[in-house]
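Student: Here you go, sequence then predicted model.
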Amino acid sequence: MSEARLRDRREVIREEPAMHASIVRALAEGPLTIPQIAAAIGEPPNEVLLWVMGMRRYRQVVEVPDADDEGFFLYALVQEEE
Amino acid sequence: MKYDALVVGGGIAGMESSLKLADMGYHVLLVEREASVGGRMILLSKVFPTLDCASCISGPKMSSTVNHPNITNLTYSEVEGIERREDGTFRATVRQKAKFVDWAACTGCQDCEVACTVAVPDQFNYDLVPRRAAYIAFPQAVPKKAVIERAGTSPCTDTCPAGIKAHGYVSLIRSGKYEEAFQLVLDATPLVGTLGRACYAPCEDECTRGDLEGTLPIRRLKRFVADRHYDQFAGPGLEVAAPTGYRVAVVGSGPAGLTAAFQLARRGHGVTIFEEAPEPGGFLRYALPEYRLPRDVVAHDIANVTALGVTIVTNTRVEDLAVLKDQGFDAVLIAAGTQRAIRLGVAGEHLSGVMSGLDFLRAVRQGTPPDLSGRRVVVVGGGNVAMDAARTARRLGARETTVAYRRSRDQMPAHHVEAVDAEREGVAFQLLVAPVEVLGDDRGAVSALRCTVMRLGDADASGRRRPEPTSREITLDCDVVIAALGLVPETDAFEGQVDRDAGGELGVDPTTLQSRVPYVFAAGDVVSGASDITRAVGQGRRAAHMIDRWLHGEPLDGFAALDDRVAVVDKTTVLARQQSFTHRESVAVANVFSSAPHDFSEVERPLSESDALAGASRCLDCGVCSECQECVTACPADAIHLDAHDEVVTVDVDTVVVSTGYRLFAADHKPEYGYGVYANVITATQMDRLLAPTRPYNTVLRPSDGKVPERIAYVSCTGSRDTTVDNPLCSKICCMYSIKQNQLIMGALPLADVTTHYMDMRAAGKRYDEFYEQAKAMGANYVKGRVAAIAEKEDGNLILTYEDIENGGVLTDTEYDLVVLAVGVQPNRDAEHLFVNDVLRLDEFHYVDEVAPDLNPGETAIPGVFVAGASSGAKDIVDSILHAGAAVAQAAAHLERSRTGVTREEVMS
């Protein structure tokens, strides 16, 4: 059983802008799930979820329609308009 | 201002109250603390039992509230106090919080949000997702206007004497916007590289992170962006305003003069700097040693000035200000610094080998250093110039270098770091000694310095203990004595032209920096006496602002960069925002020291990009908004004004309706359920957001890893009907909103199993029980028995332990991958602080007390004050609206009675 307390949510969210670059690098090769992004950048998936959702909110990433067989959505970079 | 009614709170009950009163013809002032009306209802997915869209019902009411001709809305405002007057009316004080956005111009385009560099938890999504410091409350906000959350000026920015937005450039660096960070500093001064190295960084002394593991490397971050810019760009990249036709002469090219010239040139004025020395830069070029401030950095900084068209005339001493006027200059700024060194004033000062610190440093910078190889050097003084001289002497090969200072080490005016660094480089300190005589040999050269030994007496005017001579003397054998006792302005030439004090400092108005001669201004050390680069920069900025206004015939005020900042945020407030802080190691200082330094290469190592990012990421965003200016740049309507301030208004009203709503139970107060400890334990209000049309994840995901949950449990009565958390009341809405969410989840996630663990199901009301039966028919499970504990497995799944009452009371463990706590309702005790000279009585549960809830619902203990909605107890939406109607009827009756002068008793008789 796990008893590790989660990091303070305000602290995790505050780090979102600083995490953009590494998440963008991770997604440069193609869409990934939250656990895959977490593995790529070496950060906990629960925190990566918050950062990715912040980026999604501000139109930097978008989910690929339909979850995979394991129940995870893939997230992709939003291509900037020409 | 006068209104018939004041309604406090813009949720569903407040909106209903306002609309009903307004429809009756009364003039209503509605005060809402958030930037939109709508309260909690607009955040819901759907409403029970009809499953109507909450936005569809609430939206039109919000729009009607904001647009009703009889309702004045003060959103983003708070009632500070309501005073009941002798005649039975009320006077309310309302604080309109600064929005920092001109709502008349704001189009709600969200460009400011996208550009903002500060992320904070979104309270309108119950912290499920970040929002920005610049934000529109939610997509259906009415009015749909942006505000910028500023808790105050961040301490780092507030303390900067140059008015540099330290928090701003830190947040830009954190976002990878390095050039924007450079430009933000450049907006204040051209000396970005200089301040990145030679500023004493008062910002770092005030950094709130310093109260944890240590300050951010704020100064070195500035150096990082300066170095990066100078490596990549040829010029400052600034545009200059159209020429004004005005010409300004600046006397002196130190930090004050360069900064002023730069700012004046940006405003379109023709600027000429007159510099006495062969090259511009003042002390930056001629006094600060190369190992602290390389000359190419100074050159880059000065190029920022000349790139704007500023002319620098060197080898030219200005003595007659009227001549400048005659030459066509419309204004003159004297920024000549402190060019005269204070003498030792002891016998033997004429001996060969005695020199001033300033002359010594200048000679070194000009390439004509004295030969100190193998010589013994005593530097007299304890300031930064003394430290610079001593460390420079070490680099010139001095065998021994001793700093002789008349006070103690902790009283030295030199920056602490400078003294420590000097010591690391082999400089010795002889403290509590004062020079009496320089001794010489028969060739007229220095041989020793005779000193009186001092002791510390009582405190002097500066607060420091005064050094007093003793009867003892010591002699320091030496070959060179460098006097670094201080610097004063050299302004003899201006005698009779502008005011001067005995020390040579020029007399100007401290705010406008204007002398008694209107076209002459003065700034920097020539006014303040020797200070430091950053203060001089601040004075240069101020002078430019004032000269610009004077040239345009405008009042000499409005210097917002330093004079009109939003009040500094309190550090304890910043630290109280979080329950815990992760230890974040400070970025190490990797300076290169030698006890026998032999060259002038830069001592301080630059930050790597990864160090800069790590350092900037430790910022706590004290003021929330960092003032990075990205929103200002992004706003197409030019609507953002970060120098706005709160405004306090006073209004007179005849009646008050309190509709401040309720609070939600803080789920972490039930530690056995693991909220805040286990990622996959959320509250039902969070689930409602995940199900809402404007849902933050676009579906229901479990927070631990973003997986679509398959087995979801609800825990009823979390924080209600529970004496262990001091809330024996039923919250009334939890059963029904859980059933609602059960149905919505089964619609959104058809494969998911949903189980509610409940004590007993309360579905009283029209169509409520049918709604419950409908959920069961859809496949939702309902298990009677209170959950005792929740534990987390390694994979993030959760084990619920409960007594299964309907199956013999067996203690049962069941595994889920998401648990939803149906949190209860609690009173919002803000209401009790509304009245300043009367008591808004509360009931035993701390809800607003209704004196006769069965006969006169909504009537409080204060005549003329009524309560609407959940402020008086837990209610669902329908009941809140009904209750608001009742309260408003009472309020209207009160208004009519007060106008006719007829009492209730007279009406009844």
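Tutor: Ah, there it is.
Student: Now do the strands for chain A: every range, in order, please.
Tutor: For chain A, the strands defined by DSSP state E occupy A:61-63, A:75-77.
Student: er, the stretch 701-850 of chain B I mean
Tutor: Taking DSSP state E, counting those that start in this stretch as the test, the strands found in the stretch 701-850 of chain B are B:711-718, B:753-758, B:781-784, B:787-792, B:798-804, B:810-816, B:818-823, B:825-827.
Student: coming back round to it: which stretch among the strands of chain A comes nearest chain B?
Tutor: Chain B lies closest to strand A:61-63 among the strands of chain A, at 6.2 Å (C-beta to the nearest C-beta). For every residue, glycine as well, the C-beta is placed using N, CA and C.
Student: Briefly note if that closest one comes near chain B.
Tutor: Yes: judged by C-beta under 8 Å from any C-beta of the partner chain, strand A:61-63 comes into contact with chain B through residue A:63.
Student: buried sites along stretch B:578-591?
Tutor: Residues of stretch B:578-591 classed as buried: B:581, B:584, B:586-587 (neighbour count, 16 or more other C-beta atoms under 10 Å in any protein chain shown).
Student: which among these gets closest to chain A?
Tutor: The shortest approach to chain A among those belongs to residue B:581, at 6.7 Å (C-beta to the nearest C-beta).
Student: tell me the phi and psi of residue B:249?
Tutor: phi -100, psi 130 (degrees, to the nearest 10).
Student: Identify the residue nearest the geometric centre of chain A.
Tutor: Nearest to the mean C-alpha position of chain A, counting by C-alpha atoms, centre = their mean, stands residue A:52 at 3.2 Å.
Student: Verify the stated contact: that one with residue A:37.
Tutor: Yes: if you go by C-beta atoms under 8 Å, residue A:52 and residue A:37 touch, sitting 6.5 Å apart.
Student: Can you give me the neighbour number for the residue in the stretch 101-250 of chain B that chain A sits nearest to?
Tutor: For the stretch 101-250 of chain B, the residue closest to chain A is residue B:130, as judged by C-beta to the nearest C-beta, at 3.7 Å. Residues near residue B:130, counting by other C-beta atoms under 10 Å in any protein chain shown, number 27.
Student: for residue B:577, same thing?
Tutor: Counted by other C-beta under 10 Å, the residues lying close to residue B:577 total 17.
Student: Return the residues in contact with it.
Tutor: residue A:10 (C-beta atoms under 8 Å, 6 or more residues apart in numbering or on different chains).
Student: give the contact list for the closest residue to residue B:634 other than its chain neighbours.
Tutor: Nearest residue to residue B:634, sequence neighbours excluded (C-beta to C-beta, 6 or more residues apart in numbering or on different chains): residue B:115, at 3.7 Å. With contact set as C-beta under 8 Å, 6+ apart, residue B:115 has these partners: B:134, B:630-631, B:633-634.
Student: Helices of chain A, start to end?
Tutor: A:9-14, A:16-27, A:34-41, A:45-57 (DSSP state H).
Student: quick revisit: most tightly packed of the strands of chain A?
Tutor: Mean neighbour count (mean count of other C-beta atoms under 10 Å in any protein chain shown) peaks for strand A:61-63 among the strands of chain A, with a mean of 20.
Student: any idea of the mean pLDDT in it?
Tutor: Mean pLDDT, strand A:61-63: 97.
Student: same for that strand, what does it pack against?
Tutor: Counting contacts by 3 or more C-beta pairs under 8 Å, 6 or more residues apart in numbering or on different chains; DSSP states H and E, strand A:61-63 is packed against helix A:45-57, strand A:75-77.
Student: So, low pLDDT: which residues of chain A?
Tutor: Within chain A, the segments meeting pLDDT under 70 span A:1-4, A:81-82.
Student: Residue B:445: neighbour count?
Tutor: Counted with other C-beta under 10 Å, residue B:445 comes out at 13.
Student: Residue B:84 now?
Tutor: Residue B:84: 18 surrounding residues under other C-beta under 10 Å.
Student: do the same with residue B:291
Tutor: 20.
Student: can I assume it is in contact with residue B:598?
Tutor: No: using C-beta under 8 Å, residue B:291 is not in contact with residue B:598; the gap is 11.0 Å.
Student: Between these two, which contacts overlap?
Tutor: The contact sets of residue B:291 and residue B:598 overlap at residue B:395 (C-beta under 8 Å, 6+ apart).
Student: Which stretches in the stretch 501-650 of chain B count as helices?
Tutor: Using DSSP state H, counting those that start in this stretch, the helices of the stretch 501-650 of chain B run over B:525-528, B:533-551, B:560-563, B:571-576, B:609-617, B:630-634.
Student: Go through those helices and name the closest to residue B:415.
Tutor: helix B:533-551 (11.7 Å; C-beta to C-beta).
Student: Relative to residue B:465, how far out is residue B:459?
Tutor: The gap separating residue B:459 from residue B:465 is 5 Å, by C-beta to C-beta, to the nearest Å.
Student: Looking at those two, which one has more neighbours?
Tutor: Taking neighbours as other C-beta under 10 Å, residue B:459 and residue B:465 compare with residue B:465 leading, 15 against 10.
Student: The nearest residue to that one once chain neighbours are set aside and residue B:364, how far apart?
Tutor: Spatially, and ignoring its direct neighbours in sequence, residue B:465 is nearest to residue B:456 (4.0 Å; C-beta to C-beta, 6+ apart). Residue B:456 is 34 Å from residue B:364, where distance means C-beta to C-beta.
Student: More neighbours: which of these two?
Tutor: Using other C-beta under 10 Å as the criterion, residue B:456 and residue B:364 rank with residue B:364 on top: 23 against 14.
Student: so the more buried one, which of the three states?
Tutor: Under DSSP: H, G, I helix; E, B strand; the rest coil, residue B:364 falls in the helix class.
Student: show me the contacts for it.
Tutor: Taking C-beta under 8 Å, 6+ apart, one finds B:289, B:392, B:396 in contact with residue B:364.
Student: cool, and residue B:700?
Tutor: By C-beta under 8 Å, 6+ apart, residue B:700 lies in contact with B:687, B:690-691, B:708-709, B:745, B:748-749, B:818.
Student: give me phi/psi at the nearest residue to residue B:537 once chain neighbours are set aside?
Tutor: Excluding its sequence neighbours, the residue lying closest to residue B:537 (C-beta to C-beta, 6+ apart) is residue B:162, at 4.0 Å. When read as degrees, to the nearest 10, the backbone of residue B:162 gives phi -90, psi 0.
Student: Repeat that for residue B:28.
Tutor: The phi/psi pair for residue B:28 (degrees, to the nearest 10) is phi -120, psi 140.
Student: does it really touch residue B:10, like I thought?
Tutor: No: the criterion here is C-beta under 8 Å, and residue B:28 misses it with residue B:10 at 11.2 Å.
Student: Find residues that contact each of those two.
Tutor: Common contacts of residue B:28 and residue B:10 (C-beta under 8 Å, 6+ apart): residue B:18.
Student: can you tell me which residues contact the residue of the stretch 101-250 of chain B closest to chain A?
Tutor: A:13, A:16, A:50-51, A:53-54, A:57, B:119-122.
Student: Which ones, among the buried residues of stretch B:578-591, also lie beside chain A?
Tutor: Applying C-beta under 8 Å from any C-beta to the buried residues of stretch B:578-591, one finds that residue B:581 fall near chain A.
Student: Give me the neighbour count for residue A:79.
Tutor: Residue A:79 has 7 neighbours, counted by other C-beta under 10 Å.
Student: let me redo that: residue B:8
Tutor: Using other C-beta under 10 Å, residue B:8 has 28 neighbouring residues.
Student: any idea how far residue B:875 is from it?
Tutor: 17 Å.
Student: and residue 46, how many neighbours does it have?
Tutor: Looking at chain A here, since you left the chain open. 22.
Student: meant chain B actually
Tutor: By the measure other C-beta under 10 Å, the count of residues near residue B:46 is 21.
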